[in-house]
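Student: next one to model:
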Amino acid sequence: MDALYSQKILALVAKIDRIGKLEFPDAQASAVSKLCGSKVCVDIKMNDGVITDFAHEVEACALGQASAAIMAREIIGASPDELRSVANDMRRMLKENAKPPQNSVRGGNWSELGLLESVRDYKNRHASALLTFDAVEDCLSQLGV
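Tutor: Sure thing, here's the model as predicted:
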């Protein structure tokens, strides 16, 4: 269990940003882990094909919070294609032993999600690490992008 809650993961949790709600979001979504009850609610604004603003409320374990912290740090300026690609990479990393998400062409630093590779061996923790991606993808679907 120590590998799950490394100092680097706890440091991400301590720096989680963009907490709260947006006043007029273009889309809102929540994702809940049925197993542990962790929950993430996200608000996004989008303009010219990229995310222009983001806020979230995170009630999750350190793994879910770490994943959400990276999302909050990297989402502004990301396109729907980039976000879906990173989400797919996360799922493959956890479920298929694939490599962690990498930095995006626009300069997004998603590679830190590799800190969550240790979750791979704890299937009951996958949902928590993926909540922020599930909620963001729900928002993108609502927007039809």
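
Student: in stretch 29-43, what's buried?
Tutor: 29, 31-33, 38-43 (16 or more other CB atoms under 10 Å). No exception for glycine: its C-beta is placed from N, CA and C like everyone else's.

Student: how far off centre is it?
Tutor: 11 Å (CA atoms, centre = their mean, to the nearest Å).

Student: and that stretch, end to end?
Tutor: Using CA to CA, to the nearest Å, one end of stretch 29-43 lies 7 Å from the other.

Student: rounded mean pLDDT for it, please.
Tutor: For stretch 29-43, mean pLDDT rounds to 94.

Student: longest helix of this structure?
Tutor: In terms of residue count, the longest helix belonging to the chain (DSSP state H) is helix 123-143.

Student: could you say what helices and strands that one packs with?
Tutor: Judged by 3 or more CB pairs under 8 Å, 6 or more residues apart in numbering; DSSP states H and E, helix 123-143 is in contact with strand 27-32, strand 39-47, strand 50-59, helix 62-74, helix 80-96.

Student: what is the orientation angle of it with helix 62-74?
Tutor: 30 degrees (axes from the mean of the first three to the mean of the last three CA atoms, to 10 degrees).

Student: just to revisit the earlier point, ok, the buried residues of stretch 29-43 vs R120, which is closest?
Tutor: R120 lies nearest to S33 out of those, by CB to CB, at 16.5 Å.

Student: and the gap between the closest one and E82?
Tutor: 24 Å (CB to CB, to the nearest Å).

Student: got it, and E112?
Tutor: Computed as CB to CB, the E112 to E82 distance reads 15 Å.

Student: perfect, that will be all.
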